[in-house]
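Trainee: Predicted model, plus sequence, below.
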Amino acid sequence: MTARSTPAPRGSALEAGQTRRAGDAGNDAIPEYTTSALPETACPRCGVIDTPVIGPGSGPHHASARCPQCGAWLRWLSGYTPQEQAARREQARQGALASRPPSVRQLDCLSALGCSAPMSSMLSASITISAILQARRGGER
Ligand SMILES: [Zn+2]
């Protein structure tokens, strides 16, 4: 369990330039923020209320929180910091918006705002609507 030298960086899918402090091993390396942020949890199996212990991950899951008494699974733990999670979520959201055509409601909104420029995606429509509304707020008040 002390094999810290196994070069199996979990974050190998990350782009170049990004660093991971937990990148020196697989599930053995649990980030400090994860272990320190675990709140006391009631175990649904045995009823003990205690700070969970870190268990192995599975598939896409970095690690698991487990009952210290009976070892029951409580929840999955991410290998990313909360900031990284938020950034990845926002990036995925933008990607999803960019892959969809603008919605009828967005087109109605743009029309009501007096914008007739063609929109290629939900993302461009969203950005345009925000820009128009922001310009109006800034200009009138
Ligand atoms: Zn338990």
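Mentor: Received the coordinates, thanks.

Trainee: burial measure for Cys43, as a count.
Mentor: Look at Cys43: counted by other Cβ atoms under 10 Å, it has 19 neighbours. For every residue, glycine as well, the C-beta is placed using N, CA and C.

Trainee: The longest helix seen in the chain: how far from the chain's middle?
Mentor: Ranked by residue count, the top helix of the chain under DSSP state H comes out as helix 122-140. Relative to its chain's centre, helix 122-140 lies at 26 Å (Cα atoms, centre = their mean, to the nearest Å).

Trainee: what's the average pLDDT for that helix?
Mentor: Mean pLDDT, helix 122-140: 90.

Trainee: residues of that helix that come out buried?
Mentor: 122-126, 128-129 (16 or more other Cβ atoms under 10 Å).

Trainee: Show me the contact partners of that helix.
Mentor: For helix 122-140, the external contacting residues (Cβ atoms under 8 Å, 6 or more residues apart in numbering) are 94, 97-98, 100-103, 106-107, 109-110, 113, 115, 117, 119.

Trainee: Quick one: the buried residues of helix 122-140 as JSON lines, columns for distance to Cys46 too.
Mentor: Listed next are those as JSON lines, based on distance: Cβ to Cβ, whole Å:
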{"residue": "Met122", "distance to Cys46": "47"}
{"residue": "Leu123", "distance to Cys46": "48"}
{"residue": "Ser124", "distance to Cys46": "53"}
{"residue": "Ala125", "distance to Cys46": "52"}
{"residue": "Ser126", "distance to Cys46": "48"}
{"residue": "Thr128", "distance to Cys46": "55"}
{"residue": "Ile129", "distance to Cys46": "52"}
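
Trainee: Show me the strands in the protein, by range?
Mentor: 41-42, 49-50, 53-58, 61-66, 73-77 (DSSP state E).

Trainee: Going through the contacts of helix 122-140, which ones are buried?
Mentor: Using 16+ other Cβ under 10 Å, the buried ones in these are 97, 102, 106-107, 109-110, 119.
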